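Engineer: quick one, fold the following:
(2 chains)
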Number of protein chains: 2
Amino acid sequence: MVHVIDIDDPADPRLDDYRDLNSSDRRPDLPDGKGLVIAEGVLVVQRMIDSRFDPISLLGVDRRLTELGADLDDLGVPFYRTSAEVMAEVVGFHLNRGVLAAAKRAPALALDEVLDGARTVAVLEGVNDHENIGSMFRNAAGLGVEAVLFGDRCADPLYRRAVRVSMGHVLRVPFARAANWPNDLELLREKGFQTISLTPHPEAVPLAEAMTGEKVAILLGAEGPGLQERTMRATDVRARIPMAPGTDSLNVATAAAMAFYERVRNGC
Amino acid sequence: MVHVIDIDDPADPRLDDYRDLNSSDRRPDLPDGKGLVIAEGVLVVQRMIDSRFDPISLLGVDRRLTELGADLDDLGVPFYRTSAEVMAEVVGFHLNRGVLAAAKRAPALALDEVLDGARTVAVLEGVNDHENIGSMFRNAAGLGVEAVLFGDRCADPLYRRAVRVSMGHVLRVPFARAANWPNDLELLREKGFQTISLTPHPEAVPLAEAMTGEKVAILLGAEGPGLQERTMRATDVRARIPMAPGTDSLNVATAAAMAFYERVRNGC
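Structural biologist: The predicted structure follows:
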């Protein structure tokens, strides 16, 4: 069971892991700072507890402590109980979810580890928007995508906003970095994955035709620039979502969702 | 050509149509207030100019005036030219898009008008999130959905944030309100549309099987509550996106995008 500790002084140093959550240079979840992972809200905190990211403490109002109830049974860490006002002062803004948990980053997973047993994976390049990354993990979880690989220049998936938008699924869907980019794509091919570049280019093959592999890796670039040419050249096929003429490319998380859907609709 | 008028006093009453854009009770795009429609940024302003919503004025910095260039040729309205600082003071926050246009609301379209000639339409019930509505219009435009119908309890699609998130497509994809809800669904049936309720319910038919009509109307409810039972009962079929067990329902705009995609993948 958690140790409930009442705190009413916002300056209490025991709350430092939750201080200035919106500060771009001091927030506790900066990868090159404290490097913590922050979960917000009952649902996401529950998912953190069930994940490989073990909370080191929680901060919340009494009502959320009650709501979490038995979920906290196996946690031997402090629950700092306070008021909504003190919480707002500590984190730097009003937080209507009423509970936070902080975890240390779990050890990074290796590419091999996340690929073993996976049949559908998403591979991101240059996706630097935290909300898009969060949405992508939510969609990945919902549509049975088993792993996410990060190529070059992606934003940190463990930033609080990505964790929140993913509804905690970034803590559960395994991910790994492809440090050797794009050469690591070779590893996917060795493991039997069909590698598919998603692109709006009109000469690409319609997605439904292009996706033929039993195991597939779906590559996605950022909205706007898309995937790099040399990355696409390193994949098996370029696929497009058939779009109406004269419109913009789709949001990257939405495009990803359609590719994930293309898998589940075919019973994969 | 627009009449360029330099203004450097943020209190100038000619800028009142742009004042306090974030204010919940004074913003100029409140449907029961001034009822204006506000476009932000060069791309969305261009789309407004091409739409049935005619700008009554523009406000922006010199650089954006230059960028819009020939797009303004046929507009006989004022372009209030000012600095980014004055703009920020008028609208109430820093706006990095540098240009705004205000239009009066175009007359509402009738159901018949938006349905004639359409083969794929989206029908929303209880979707009260502006960003979801905006995303839905962006996806509708991208995937060839020809009209959006609003049933009960939906948020205003012409709110600035919805216009922005839609990338201006809310000004172009025709929409209408179904005032007689859900009885207006009968009209869809008379016009030969297959009406499909999207629901996460496990007993619903997989979407790919359920969508058989030459003309289809896809019904979507808000995340969480979903469609009302009586609404689903008034449709031809209940369809689901096959999802991984133990996950949340998808974001409503994402679910809509998959249904729209299911149409385009089949060449509809």
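Engineer: now do the contacts for A:Leu220.
Structural biologist: Counting by CB atoms under 8 Å, 6 or more residues apart in numbering or on different chains, A:Leu220 touches A:Ala122, A:Val123, A:Leu124, A:Glu125, A:Val127, A:Met136, A:Leu198, A:Leu227, A:Val252, A:Ala255, A:Ala256, A:Ala259. Any C-beta I mention is one placed from the backbone N, CA and C, and that applies to glycine too.
Engineer: and the most centrally placed residue in chain A, what does it touch?
Structural biologist: For chain A, the residue sitting closest to the mean C-alpha position, by CA atoms, centre = their mean, is A:Val170 at 3.3 Å. Under the criterion of CB under 8 Å, 6+ apart, the contact partners of A:Val170 comprise A:Ile133, A:Gly134, A:Phe137, A:Pro157, A:Leu158, A:Ala162, A:Val163.
Engineer: try 6 Å this time
Structural biologist: Listed by CB atoms under 6 Å, 6 or more residues apart in numbering or on different chains, the contact partners of A:Val170 are A:Phe137, A:Pro157, A:Ala162, A:Val163.
Engineer: from the residues you listed, which is closest to B:Arg63?
Structural biologist: Proximity of the contacts of A:Val170 to B:Arg63 was ranked by CB to CB; the top entry is A:Ala162 with 32.7 Å.
Engineer: for that closest one, the count of nearby residues, please.
Structural biologist: A count of nearby residues for A:Ala162, using other CB atoms under 10 Å in any protein chain shown, gives 23.
Engineer: make sure it is indeed in a strand.
Structural biologist: No - A:Ala162: not assigned to a strand; according to DSSP: H, G, I helix; E, B strand; the rest coil it is helix.
Engineer: so how far is A:Val44 from it?
Structural biologist: From A:Ala162 over to A:Val44 the distance is 11 Å, taken as CB to CB, to the nearest Å.
Engineer: can you check A:Leu171 too?
Structural biologist: The value you get for A:Leu171 to A:Val44, if CB to CB is used, is 8 Å.
Engineer: quick check: nearest residue in space to A:Val264, chain neighbours excluded?
Structural biologist: In this structure, A:Val264 finds its nearest non-sequential neighbour in B:Pro242, 4.4 Å apart by CB to CB, 6 or more residues apart in numbering or on different chains.
Engineer: the one you found: what secondary structure?
Structural biologist: Three-state call for B:Pro242 (three-state DSSP): coil.
Engineer: how close does it get to A:Gly35?
Structural biologist: Between B:Pro242 and A:Gly35 the distance is 37 Å, computed by CB to CB.
Engineer: and for A:Val205?
Structural biologist: The span separating A:Val205 from A:Gly35 equals 42 Å under the rule CB to CB.
Engineer: where does the prediction get shaky in the stretch 151-268 of chain A?
Structural biologist: A:268 (pLDDT under 70).
Engineer: which parts of it sit against chain B?
Structural biologist: Taking CB under 6 Å from any CB of the partner chain as the test, the list of the stretch 151-268 of chain A residues beside chain B reads A:167, A:208, A:242-244, A:247-248, A:250, A:254, A:257-258, A:261, A:264-265.
Engineer: closest one to B:Asp184 out of these, please.
Structural biologist: Looking across these and measuring by CB to CB, the closest to B:Asp184 is A:Ala244, at 25.9 Å.
Engineer: what's the neighbour count on the spatially closest residue to the closest one that is not a sequence neighbour?
Structural biologist: Take A:Ala244 and drop its neighbours on the chain: the residue closest to it by CB to CB, 6+ apart is B:Gly144, 4.2 Å away. Here the count is done by other CB under 10 Å, and B:Gly144 has 17 residues near it.
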